[in-house]
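Chemist: structure of the sequence below:
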Amino acid sequence: MSELVREVSQEDFDATVLKSDVPVLVDFWAPWCGPCRMVSPEFEKLAASHPGAGTFVKVNVDEAGEVASRYGVMSIPTIAKFSGGEMVAHVVGARDAAGLARELAID
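Modeler: Predicted coordinates:
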């Protein structure tokens, strides 16, 4: 991970994501997931190309199963956009950075 994207634990999720004053983009992933490994560099590109879009974090669903369950994450990768403590958009499956930006309405 880079300085643009950081890992968030189940214990830190609410404080980091739900209580954030800025939008938070969350990559729900797992180390064994092939498509997740394809999305990871695209998520990094998205963070680099849209620095004002908010905070970019990753949540390992194997270690944060309760969080994944709470938000109905049944397939990974799932990239979600949170704003004001609510999930406002999400994308399931591999996309490139431009596709993620378009589908999550990131300017």
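Chemist: need the contact list for the residue nearest the centre of the chain.
Modeler: The centroid of the chain falls nearest to Val26 when counting by Cα atoms, centre = their mean (1.6 Å). Val26 makes contact with 8, 17, 57-59, 79-82, according to Cβ atoms under 8 Å, 6 or more residues apart in numbering. (Each C-beta comes from the backbone N, C-alpha and C, glycine too.)
Chemist: wait, doesn't Gln10 sit right on Glu63?
Modeler: Yes. Under the criterion of Cβ atoms under 8 Å, Gln10 makes contact with Glu63 at 6.6 Å.
Chemist: what residue of the protein is the furthest out?
Modeler: Largest centroid distance in the chain under Cα atoms, centre = their mean is Trp32 at 17.0 Å.
Chemist: helix, strand or coil for that one?
Modeler: Three-state assignment for Trp32 (DSSP: H, G, I helix; E, B strand; the rest coil): coil.
Chemist: OK, contacts around it?
Modeler: Trp32 touches nothing, counting by Cβ under 8 Å, 6+ apart.
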